[in-house]
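[1] Sequence plus predicted model, see below.
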Amino acid sequence: MDADVTARAVANIPRTIESHGVIGDLATIALVATDGTIDFLCWPDFDSPSIFAALLDPERGGMFQIAPDLPNARVTQQYFPDTNVLLTRWMANEASGELTDFMYVKNRRSDGSSMLVRRFRATRGTMTIRATCSPRFDYASKRISPQLDGVTATWRHPNGEVVRLVAGAPLGEIDGAVTAQITLRAGEVVDFILDDGDDGFDETPQRMEDQTVAFWQDWARQSTYRGRWREMVNRSALTLKLMTSRKHGSVIAAATFGLPEAPGGSRNWDYRATWIRDASFTVYALMRLGYRQEAMAFNNWIGQRAAACDAGGRLKIMYAVDGGEVPDEINLDHLRGYGGATPVRVGNKASEQSQLDIYGELLDSIYLSNKYGHAISHDHWEGVREVIEYVCDHWQDPDAGIWEMRREPQEFLHSRLMCWVAVDRGIRLATKRSLAAPFVKWQDVRNDIYNDIWTNFWNKEKGHFVQTKDGEMLDASLLLMPLVRFVSATDPRWLSTLEAIGAQLADDGVVHRYRSDDGLDGEEGAFSACSFWYAECLARAGKSQKARRVFEAALNYANHLGLYAEEFDAQARLAGNFPQAFTHLALISAAFYLDRELDDRNSQEWRP
């Protein structure tokens, strides 16, 4: 097959969400498919416009593929142990080879420049390696012709940005795509490096690989987890680290935009931002694993948001990676979407919503950080007091809820629950640190919220708690009620709610968020984090064997590398933005608690 035909064929190959691994450098993340194609990368930051987005439009999106001419090979993909260095292997009768992909973490400089390194190594026999690189700038709206100079190709954006490819083979151009072809024998290596063209390389590609492997292994070694699911917990931790901004300490919700919640659907959002909601889950998970530096960095980022909140203590539900505002939501109508799912959106209109639950997650994270880490500063406490006062004044307001429903605001149980958490954690923090606070007022509000939930969100006829005030529907966010210690995990009313969720929302380890109208067109899949919330609730309720079955089923639905997207479709295949931090956070929490329950049960069973 000649190079022209190869380039056109590669551009039109559809790839599934689950057929990808991810690599990154704490500033941005690239998705690498099992055929050796990078078909999603925002450059140079998590929330920058994409330069590769073939996952969303194979023809227009842009991609970077490296693969051998071994059409009948078996292809496997794995991470180098305890790292985010990805290996893709081709094994055929006549030859075999492997592609090593990573972003050079040690190369991160103060200006934030990134370096993507791709190394193909022939391990047996002789083969021809073909590479095709076709960046498409500004979310694939702009094609820029490369400047070729032997083994170097340079794309210069009118705004001054530069993308440079340096290859270990001569480069050519076909229809705007840069191509290379080289024959390798066993033991030979060819390197491709994509960077900002700022200067030369201080290290050899092999040295870059060695340093990057060492960086990730040194980081992973800090984990204190020694439980039953060490491999999956460590992979979740490494994935969360990838989604953490080294510069700012924030954690993005997911690495991608525009991936649909259901095949061909219109629920295609941009998750490359930091949600306040993720705060307590992130701090809890990282601290439990022993990663206190990352937990404290994220909590400091959160604390700065609280200290700089709007007049009256009102917070935004999400922020850009640097703490600024999330861009307005727009449709990229020139992209045909993953599997034809349109519109492809960037920015997020939900940033304008009122979601009262975020105050509980914020205060829970600050409380946990103070309990296990450094004491809160005076200025941050003043910001926290304003936030709690806002909750005291607005806890009865209707809002959009945790699931960001785009319909008339309602009074949601989860929002009410997390307002209770906000005031409760404020009281606990002030008591623990002897901080000035209006204790009587806060205690009265906390009691009022508590009584309101038991009075107005318990449906006596249905025999379970409900999603909205005086409503009838269930909601998987109710699973957080015992996890935030509002209700005992063995309270009869809670157990009947848990049983109802299992009967109406769960199916063999996958759990839907709700079955009610949310004001949006189309359908969604099962929310993957809910699977792990459900497993943890079962464990806390003393149903450890059922909890383990649910947990193990959910583990089985990860992709081949142990990664999760936002949702599962009807066949439990990955759907939505990928990878999703919320899911990996929930996995870590559930693994910890289930380990403890199983250990306690085993010790009791075998006690003489």
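    Ah, there it is. Nothing here was measured: the structure is a model prediction, and the numbers come from that model.
[2] where does the stretch 1-150 of the chain have low pLDDT?
    Within the stretch 1-150 of the chain, the stretches with pLDDT under 70 are 1-14, 107-112.
[3] just the helices in it please.
    Along the stretch 1-150 of the chain, the stretches classed as helices by DSSP state H, counting those that start in this stretch are 3-11, 137-140.
[4] Mind naming the longest helix for this structure?
    helix 581-605 (DSSP state H).
[5] Can you list the buried residues in that one?
    581-595, 597-598 (16 or more other Cβ atoms under 10 Å). (Each C-beta comes from the backbone N, C-alpha and C, glycine too.)
[6] Do you know the pLDDT at Ala308?
    pLDDT recorded at Ala308 is 77.
[7] Wait, it touches Gly383, no?
    Yes: Ala308 is within contact range of Gly383, at 7.3 Å (criterion: Cβ atoms under 8 Å).
[8] Of those two, which one has the most company?
    Gly383 (20 against 10; other Cβ atoms under 10 Å).
[9] For the nearest residue to that one once chain neighbours are set aside, grab the count of nearby residues.
    Sequence neighbours aside, Ala307 is the residue nearest to Gly383 in space, at 3.6 Å (criterion: Cβ to Cβ, 6 or more residues apart in numbering). Neighbour count of Ala307, defined by other Cβ under 10 Å: 16.
[10] what mean pLDDT does the longest helix of the chain have?
    The pLDDT scores in helix 581-605 average 87.
[11] gap between Met418 and Met405?
    16 Å (Cβ to Cβ, to the nearest Å).
[12] Can you name the element that comes right after the helix or strand where Thr282 lies?
    Assigned by DSSP states H and E, Thr282 belongs to helix 279-289. For helix 279-289, the following helix or strand on the C-terminal side (DSSP H and E) is helix 292-307.
[13] How about residues contacting that following helix?
    241, 244, 248-251, 274, 276, 279, 282-283, 286-287, 315-316, 319, 323, 362, 365-366, 369, 372-374, 376-377, 379-380, 382-384, 386-387 (Cβ atoms under 8 Å, 6 or more residues apart in numbering).
[14] in that helix, what's buried?
    Applying 16+ other Cβ under 10 Å to helix 292-307 flags 292, 294-307 as buried.
[15] Please look at Ala526 and Val510 and confirm they touch.
    Yes: counting by Cβ under 8 Å, Val510 is a contact partner of Ala526 at 3.9 Å.
[16] Now list whatever residues contact both of the two.
    Common neighbours of Ala526 and Val510 (Cβ under 8 Å, 6+ apart) are Phe568, Ala572.
[17] all strands for the stretch 201-350 of the chain, in order.
    274-275, 318-319, 330-331, 345-346 (DSSP state E, counting those that start in this stretch).
[18] Out of those, flag the one nearest Ala541.
    When those are compared by Cβ to Cβ, strand 274-275 sits nearest Ala541, at 28.0 Å.
[19] Check which residues of stretch 49-68 are buried.
    49-58, 60-68.
[20] Only alpha carbons, please: show that stretch as PDB.
    Provided in PDB are the C-alpha atoms of stretch 49-68 (Å, rounded to 0.1, in the frame of the first residue of the first chain):
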ATOM      1  CA  PRO A  49      -8.000  23.800  21.500                       C
ATOM      2  CA  SER A  50      -7.300  20.300  20.000                       C
ATOM      3  CA  ILE A  51      -4.600  19.600  17.400                       C
ATOM      4  CA  PHE A  52      -5.700  15.900  17.100                       C
ATOM      5  CA  ALA A  53      -9.400  15.100  17.200                       C
ATOM      6  CA  ALA A  54      -9.900  12.200  14.800                       C
ATOM      7  CA  LEU A  55     -11.800  10.500  17.500                       C
ATOM      8  CA  LEU A  56     -14.500  13.000  16.900                       C
ATOM      9  CA  ASP A  57     -14.100  13.200  13.200                       C
ATOM     10  CA  PRO A  58     -11.800  10.700  11.500                       C
ATOM     11  CA  GLU A  59     -11.600  12.700   8.300                       C
ATOM     12  CA  ARG A  60     -11.200  16.300   9.500                       C
ATOM     13  CA  GLY A  61     -10.100  16.000  13.100                       C
ATOM     14  CA  GLY A  62      -6.300  15.400  12.700                       C
ATOM     15  CA  MET A  63      -4.300  12.500  14.000                       C
ATOM     16  CA  PHE A  64      -0.800  11.000  14.500                       C
ATOM     17  CA  GLN A  65      -0.300   7.300  13.600                       C
ATOM     18  CA  ILE A  66       2.700   5.100  13.800                       C
ATOM     19  CA  ALA A  67       2.300   1.400  12.900                       C
ATOM     20  CA  PRO A  68       4.200  -1.400  11.300                       C
END
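[21] what about it, distance to the chain center?
    21 Å (Cα atoms, centre = their mean, to the nearest Å).
[22] Same check on stretch 257-273?
    13 Å.
[23] Same check on stretch 339-347?
    Counting by Cα atoms, centre = their mean, stretch 339-347 comes out at 18 Å from the chain centroid.
[24] who's in contact with it?
    With Cβ under 8 Å, 6+ apart, stretch 339-347 has contacts from 14, 56-57, 139, 257-260, 262-266, 268-270, 326-333, 335-337.
[25] Return the subset of the residues you listed lying in helices.
    Per DSSP H, these map to helices at Tyr139.
[26] which of the contacts of stretch 339-347 are buried?
    By 16+ other Cβ under 10 Å, those give 56-57, 139, 257-260, 262-263, 265-266, 268-270, 326, 329, 332, 335-337 as buried.
[27] re earlier: so which of Met418 and Met405 has more stuff around it?
    It is Met418, of Met418 and Met405, that has more neighbours when counted by other Cβ under 10 Å, with 30 against 21.
[28] part of a helix, is the more buried one?
    Yes: under DSSP: H, G, I helix; E, B strand; the rest coil, Met418 falls within a helix.
[29] For the closest residue in space to it that isn't next to it in sequence, identify the helix or strand it belongs to.
    Closest residue to Met418 apart from its sequence neighbours, by Cβ to Cβ, 6+ apart: Gly360 at 2.7 Å. Using DSSP H and E, Gly360 falls within helix 358-372.
[30] And that helix, what's buried?
    Buried-residue list, helix 358-372, by 16+ other Cβ under 10 Å: 358-370.
[31] out of those, who's nearest Leu498?
    Nearest member of the buried residues of helix 358-372 to Leu498, counting by Cβ to Cβ, is Gly360, at 20.5 Å.
[32] and the closest one, what does it touch?
    Ser280, Leu417, Met418, Cys419, Trp420, Val421, Ala422, Arg425, Val484.
[33] least confident pick among the residues you listed?
    For those, the pLDDT minimum is Ser280, 77.
[34] contacting residues for the residue lying closest to that one once chain neighbours are set aside?
    By the measure of Cβ to Cβ, 6+ apart, the closest residue to Ser280 outside its immediate chain neighbours is Asp364, 3.7 Å from it. Contact analysis of Asp364 by Cβ under 8 Å, 6+ apart lists Ala279, Ser280, Val421, Ala422, Arg425, Val484.
[35] Just name the closest of those to Arg540, please.
    Val484 (11.7 Å).
[36] Helix, strand or coil: sort out the closest residue to that closest one other than its chain neighbours for me.
    With Cβ to Cβ, 6+ apart as the criterion, Val484 has its nearest non-adjacent residue at 5.1 Å, and that residue is Val421. What three-state DSSP gives for Val421 is helix.
[37] do Val440 as well
    Strictly by three-state DSSP, Val440 counts as helix.
[38] burial count for it?
    8.
[39] Could you check how many residues crowd around the residue nearest to Val484?
    25.
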